[in-house]
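J.: Next input, structure requested:
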Amino acid sequence: MEANIAIQVLPHVSSDQEVVRIVDEVIDYIKGTGLNYFVGPSETSVEGDYDTLMEIVKNCQLVALKAGAPKVSAYVKISLAPKDGVLTIEEKVSKHHQ
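T.: Modelled structure (predicted):
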């Protein structure tokens, strides 16, 4: 079942530099999944199988904790349309990045 998510990971740390460092580790994890993704200024979008994406949501938080965040919050948007499919990242943003 194809879906896409947008995830914003918010590590509770004391400096902007630490936020960026930890979020970069989360983005590196997402890159390593091999799925299609798009990094935006406030969230990262990923597309793929629904169950795989839900595992990625969980792991993003675990990566942030392992990277040193004592606490982490995440905002997640999920687009799922089992019968009709979902718009891809390319379909949503390509016209804005030419």
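
J.: For the chain, which element, helix or strand, carries the lowest mean pLDDT?
T.: helix 89-93 (a mean of 88; mean pLDDT, DSSP states H and E).

J.: tell me what that helix is packed against?
T.: The contact analysis (3 or more Cβ pairs under 8 Å, 6 or more residues apart in numbering; DSSP states H and E) places helix 89-93 against strand 36-39. Quick note: C-beta positions are derived from backbone N, CA and C, even for glycine.

J.: how about the helix or strand that the strand it packs on is followed by as CSV, C-alpha atoms only?
T.: The C-terminal neighbour of strand 36-39 among helices and strands, as given by DSSP states H and E, is strand 44-49. The C-alpha coordinates for strand 44-49 follow below in CSV (Å, rounded to 0.1, in the frame of the first residue of the first chain):
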residue,chain,number,x,y,z
THR,A,44,11.3,15.8,5.1
SER,A,45,8.9,14.0,2.9
VAL,A,46,9.4,10.3,2.1
GLU,A,47,7.3,8.0,-0.1
GLY,A,48,7.0,4.2,-0.1
ASP,A,49,5.1,1.3,1.4
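
J.: buried stuff in the helix or strand following strand 44-49?
T.: Counting by DSSP H and E, the next helix or strand C-terminal to strand 44-49 is helix 50-66. The neighbour-count check on helix 50-66 (16 or more other Cβ atoms under 10 Å) flags 50, 53, 56, 60, 61, 63, 64 as buried.
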